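need coordinates for the below:
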Amino acid sequence: MQKFNKIKQVLAVVVIVAASYLMVVIALKYHRLKGPADMLSDLPKNIDLSLQKVHYTNTKDGVLQWDLLARKVDYYNDSGVIRFAQPEMVLFSKGGSENYTLKADTADYHKKSGDVMLVGNITATSESGMTFSTGHLDYNSSRSLVSTDDHVRLEDTSLSVEGTGMELRVDSRNVRVLHNVTAVITTRKK
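Numbering: from 1, shown residues only. Next up, the predicted model:
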């Protein structure tokens with residue numbers, strides 16, 4: 001009988017220790033969770049809205065101008081700027097003759113003008129296979145013009161161009177490299 005009482009006492013101690021351990025784990029986990037006020041205090045004061053994994057589409061007169069996917073977006077109400085982190089932006093030409101996909105570290109969309117400024121490690125590809133890279137890029141929505149005054153490297157099937165400054169008209173597919181141009185044209189051998 002004494003052995004049975006000892007087993008009951010040992011089991012009671014084990015149950016109490018296990019329950020205490022479980023309560024401590026739950027309390028620590030609950031304590032680490034941030035409330036809404038704590039999450040808001042982590043945001044910079046000038047951001048009015050911050051979202052994760054965003055798909056943003058811009059149209060003009062019912063026509064799709066560009067489409068953008070981003071890891072994160074911050075909306076600044078005072079300045080009217082929407083900042084996208086790690087954006088992938090697709091520019092659509094009129095009639096869909098050629099679309100361009102731009103990737104960058106950040107993109108700032110200016111609500112008033114509709115313009116977009118991309119910054120950092122920009123790479124771009126067209127549906128026809130043309131690629132270019134640069135450090136920063138501006139998209140003027142009213143003129144459908146992509147431009148930079150930074151160093152640019154452009155490659156197509158038989159053409160490689162480097163220079164400073166570039167203008168690309170999205171609708172007409174005309175590209176101009178403006179200064180210090182070096183071009184290499186390769187031909188196919190028969």
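
only C-alpha atoms from now on, for both contacts and neighbour counts.
Will do.

in its sheet, what does the host helix or strand of Asn58 sit against?
Using DSSP states H and E, Asn58 sits in strand 49-60. Applying DSSP bridges to the sheet, strand 49-60 is found paired with strand 63-76 (antiparallel).

okay, domains of the chain per the record?
2-33, 45-185 (automatic domain parsing).

could you give the mean pLDDT of the longest one?
Throughout domain 45-185, pLDDT has a mean value of 87.

same check on the shortest one?
Domain 2-33 shows a mean pLDDT of 77 in the predicted model.

tell me who's in contact with Glu127.
Residues near Glu127 by CA atoms under 8 Å, 6 or more residues apart in numbering: Glu98, Asn99, Tyr100.

those residues in strands, which ones?
Among these, the residues falling in strands (DSSP state E) are Asn99, Tyr100.

ok, the contacts of Glu127 vs Lys60, which is closest?
Taking CA to CA as the measure, Lys60 sits nearest to Asn99 out of the contacts of Glu127, at 16.4 Å.

quick check: closest non-adjacent residue to that closest one.
Excluding its sequence neighbours, the residue lying closest to Asn99 (CA to CA, 6 or more residues apart in numbering) is Phe92, at 4.8 Å.

for that neighbour, give me phi and psi.
phi -110, psi 130 (degrees, to the nearest 10).

pretty sure it contacts Trp66?
Yes. Look at Phe92 against Trp66 with CA atoms under 8 Å: they come within range, at 5.7 Å.

can you give me the helices in this structure?
2-32, 36-42 (DSSP state H).

could you give the bridge partners of the residue lying closest to Asp138 once chain neighbours are set aside?
Excluding its sequence neighbours, the residue lying closest to Asp138 (CA to CA, 6+ apart) is Met117, at 4.5 Å. When bridges are called by DSSP bridges, Met117 pairs up with Asp108, Asp138.

I'd assumed Tyr56 was in contact with Leu64.
No. Here Leu64 lies out of contact with Tyr56, judged by CA under 8 Å, at a distance of 11.3 Å.

re earlier: go through the domains of the chain and pick out the most buried.
domain 45-185 (a mean of 17; mean count of other CA atoms under 10 Å).

what about that one, distance to the chain center?
Computed by CA atoms, centre = their mean, to the nearest Å, the chain-centroid distance of domain 45-185 equals 12 Å.

wait, isn't Ser147 in contact with Leu168?
Yes. The criterion here is CA under 8 Å, and Ser147 meets it with Leu168 at 6.3 Å.

from Lys111, how far off is the spatially closest residue to Leu64 that is not a sequence neighbour?
Nearest residue to Leu64, sequence neighbours excluded (CA to CA, 6+ apart): Asn58, at 6.2 Å. Asn58 is 10 Å from Lys111, where distance means CA to CA, to the nearest Å.

cool, Gln65 as well?
14 Å.
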